[in-house]
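>>> just coords:
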Ligand SMILES: C[S@@+](CC[C@H](N)C(=O)[O-])C[C@H]1O[C@@H](n2cnc3c(N)ncnc32)[C@H](O)[C@@H]1O
């Protein structure tokens, strides 16, 4: 009775994420890189990992309805075996229930003690048999619990969003957060054109179509192992969501500018800005984490960009050598990341409500320090990949209340046509349920000349 390798790899990855706090993308890449696997197995593992993490709360609700042992009393390995099993039974049409149960039982034998496999077998077969009769919390009696369990989001998060956006918007948002996002790339126009890249990808069996909004965006329908593509290795594209591309578009750097990007790693927006600057001028690209500086340099080298100077620097500290020197400054701040839950579902479980105070203090400190580098008449863009006003609109308002020499700068003309209507006189809020791209906030301000 050999264990199915893809399921075992998925189990180990999920264990690392749930029990050791590993980031989903990093934990998964580590496992995929250290095992030789066929594309079909890689895809299966990826789906199992992301699916199980995404639906964790709903899955746990079902397990606790069917298990006589409380969740807290189940050993972490066995609980994660059950989670993967339930995910296959409830959320994957193409997996026979018998395979989901049998393979989970084998894993339980290896990762548990003698009684574990019988327990897993009993719980999973029961769920498979009675899945049509599972009941969820009542929508009228407890709308928060209903949304939380139905769409697998923490109840405190659902509560916050209902009070900020209302019930219907929140339900739509939760549905979108559970969808698989487009795989979007940015054409590196320094190296190729959109048409050339589409043709090249097609020759290599990858189908690409125009992005939803941004001119240089393409959506890959079957990216597979894109890292192996020559066009990737030769720097003809960068993987990046369209929302993220908008930060550079809105900052609108020109060839010859001096740009300071204070939170730059891994360099998605920095390299986009270099592209918009036609690789002329200079970008000082900073990040607090030394190991991440390599990522910026690697991206710049692959994309054939020479104007980026990457360095370690804590953005909360003011660097006197740059005072009023920069034409444009980008603050792509560290944030809670609630706009990218589609891509990193573990964000839902890693955060707590109390994170907000600490993160907004950091964001304001960074924005204050970075604003000192803007020359009179220059511009600063503040962006986050999160939704919720504390880290976004409120934060910019707090900054503007004190820094009277800055004011919102309208940027509607810089937006793609389909997004112009969302421009709000100096800022834009994007949501996956409305715009079908990552949730983002981008504000632009000008320093009085
Ligand atoms: C949202 S990410 C930046 C993404 C990047 N702009 C891109 O487009 O690829 C935020 C970054 O801020 C960095 N960071 C966090 N605290 C910082 C600080 N005090 N100073 C500088 N960078 C910081 C993180 O390491 C992280 O790489």
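Ah, there it is. Owing to the predicted nature of the structure, the values given are computational and were not obtained by experimental measurement.
>>> what's the pLDDT at residue 32?
Per-residue confidence (pLDDT) for residue 32: 89.
>>> what's the nearest residue to it if we skip its chain neighbours?
Leaving aside its chain neighbours, residue 32 sits nearest to residue 42 (5.8 Å; criterion: CB to CB, 6 or more residues apart in numbering). Every C-beta, even on glycine, is put in place using the N, C-alpha and C of the backbone.
>>> My read is that residue 208 contacts residue 201, right?
Yes. Applying CB atoms under 8 Å as the test, residue 208 and residue 201 come out as touching, 4.9 Å apart.
>>> Show me which positions of stretch 282-292 end up buried.
Buried positions in stretch 282-292, judged by neighbour count with 16 or more other CB atoms under 10 Å: 282-288, 292.
>>> got CSV for those residues, with distance to the ligand, pLDDT and secondary structure too?
Converted to CSV, these look like this (distance: CB to the nearest ligand atom, whole Å; pLDDT from 0 to 100; DSSP: H, G, I helix; E, B strand; the rest coil):
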residue, distance to the ligand, pLDDT, secondary structure
282, 17, 98, strand
283, 11, 99, strand
284, 12, 98, strand
285, 9, 98, strand
286, 6, 98, strand
287, 5, 98, strand
288, 4, 98, coil
292, 5, 97, helix
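>>> Between those residues, which sits nearest residue 314?
residue 288 (5.2 Å; CB to CB).
>>> Can you give me every residue that contacts the closest one?
Neighbouring residues of residue 288 by CB atoms under 8 Å, 6 or more residues apart in numbering: 312-315.
>>> Secondary structure element holding the residue located most distally from the centre of the chain?
Ranked by distance from the centre of the chain (CA atoms, centre = their mean), the top residue is residue 114, with 39.8 Å. Using DSSP states H and E, residue 114 sits within no helix or strand.
>>> From residue 108, how far out is it?
Going from residue 114 to residue 108 by CB to CB, to the nearest Å gives 10 Å.
>>> Please, where are all the helices along the stretch 101-250 of the chain?
116-130, 143-151, 155-165, 167-177, 194-203, 230-233, 242-251 (DSSP state H, counting those that start in this stretch).
>>> you'd agree residue 266 is up against residue 292?
Yes. Using CB under 8 Å, residue 266 is in contact with residue 292, at 6.3 Å.
>>> near the ligand, which residues of the stretch 201-350 of the chain show up?
244, 262-269, 286-289, 292, 314-316, 332, 334 (CB under 6 Å from any ligand atom).
>>> Just the ones in helices from the residues you listed, please.
Residues of those located in helices (DSSP state H): 244, 268-269, 292.
>>> Tell me, what's the model's pLDDT at residue 195?
97.
>>> residues near it, how many?
Residues within reach of residue 195, counting by other CB atoms under 10 Å, total 9.
>>> Which residues are in contact with the most centrally placed residue in the chain?
Closest to where the C-alpha atoms of the chain average out (CA atoms, centre = their mean) is residue 340, at 3.5 Å. With contact set as CB under 8 Å, 6+ apart, residue 340 has these partners: 241, 347, 385, 438-439.
>>> Lowest pLDDT pick from those residues?
Comparing those by pLDDT, residue 347 comes last, at 94.
>>> picking up where we left off before, I'd like to know which of the residues of the stretch 201-350 of the chain next to the ligand are buried.
244, 262-269, 286-288, 292, 315-316, 332, 334.
>>> related to what we said a few turns ago, please, which helix or strand holds the residue nearest to residue 32?
Using DSSP H and E, residue 42 falls in helix 39-54.
>>> Now do that helix against helix 167-177, angle only.
150 degrees (axes from the mean of the first three to the mean of the last three CA atoms, to 10 degrees).
>>> gap between helix 39-54 and the chain center?
16 Å (CA atoms, centre = their mean, to the nearest Å).
>>> How about stretch 145-163?
19 Å.
>>> buried stuff in that stretch?
145-153, 157-162.
>>> One more: stretch 296-311?
296, 299-300, 302-303, 305, 307-308, 310.
>>> ok now it, how far from the chain's centre?
22 Å.
>>> same thing with stretch 441-449?
That offset, for stretch 441-449, works out to 25 Å (CA atoms, centre = their mean).
>>> again, but for stretch 23-37
Stretch 23-37 sits 17 Å away from the centroid of its parent chain (CA atoms, centre = their mean).
>>> Next: stretch 422-437.
16 Å.
>>> Please renumber the chain so that the first residue is 348 from this point on.
Happy to do that; since the first residue is 348 now, the last one works out to stretch 769-784.
>>> Compute the first-to-last residue distance for it.
13 Å (CA to CA, to the nearest Å).
>>> pLDDT on that stretch, on average?
On average, stretch 769-784 scores 97.
>>> what's the single longest strand in the chain?
strand 721-731 (DSSP state E).
>>> do that one and the ligand meet?
No. Strand 721-731 lies out of reach of the ligand by CB under 6 Å from any ligand atom, never closer than 7.2 Å.
>>> Next secondary structure element downstream of that strand?
helix 740-749.
>>> That following helix packs against which elements?
Helices and strands touching helix 740-749, by 3 or more CB pairs under 8 Å, 6 or more residues apart in numbering; DSSP states H and E, are helix 702-718, strand 721-731, strand 753-755, strand 774-777, strand 787-794.
>>> from the chain's centre, how far out does the first one sit?
The reference is to helix 702-718. Worked out by CA atoms, centre = their mean, helix 702-718 lies 20 Å from the chain centre.
>>> List the buried residues of it.
For helix 702-718, by 16+ other CB under 10 Å, it's 703, 706-707, 709-711, 713-718.
>>> who touches it?
Applying CB under 8 Å, 6+ apart, the set of residues contacting helix 702-718 is 607, 609-610, 662-665, 676, 678, 680-683, 727, 729, 731, 735, 737-738, 741-743, 745-746, 749-750, 753, 792, 794.
>>> now those: which count as buried?
Buried, going by 16+ other CB under 10 Å: 607, 609-610, 662-663, 676, 678, 680-683, 727, 729, 731, 735, 737-738, 742-743, 745-746, 750, 753, 792, 794, out of those.
>>> circling back to that earlier point, between the buried residues of stretch 643-658, which is closest to residue 360?
Closest to residue 360, out of all of the buried residues of stretch 643-658 and judged by CB to CB, is residue 646, at 25.3 Å.
>>> Let me see the contact set for whichever residue of the stretch 448-597 of the chain sits closest to the ligand.
Going by CB to the nearest ligand atom, the ligand is nearest to residue 591 of the stretch 448-597 of the chain, at 5.7 Å. Under the criterion of CB under 8 Å, 6+ apart, the neighbours of residue 591 are 615-616, 732, 785, 787.
>>> on that earlier part again, please report how far the residue nearest to the centre of the chain lies from residue 777.
Counting by CB to CB, the gap from residue 687 to residue 777 is 11 Å.
>>> Now the common contact residues for the two.
Common contacts of residue 687 and residue 777 (CB under 8 Å, 6+ apart): 785-786.
>>> Tell me where the stretch 648-796 of the chain is predicted with low confidence.
Residue ranges of the stretch 648-796 of the chain with pLDDT under 70: none are present.
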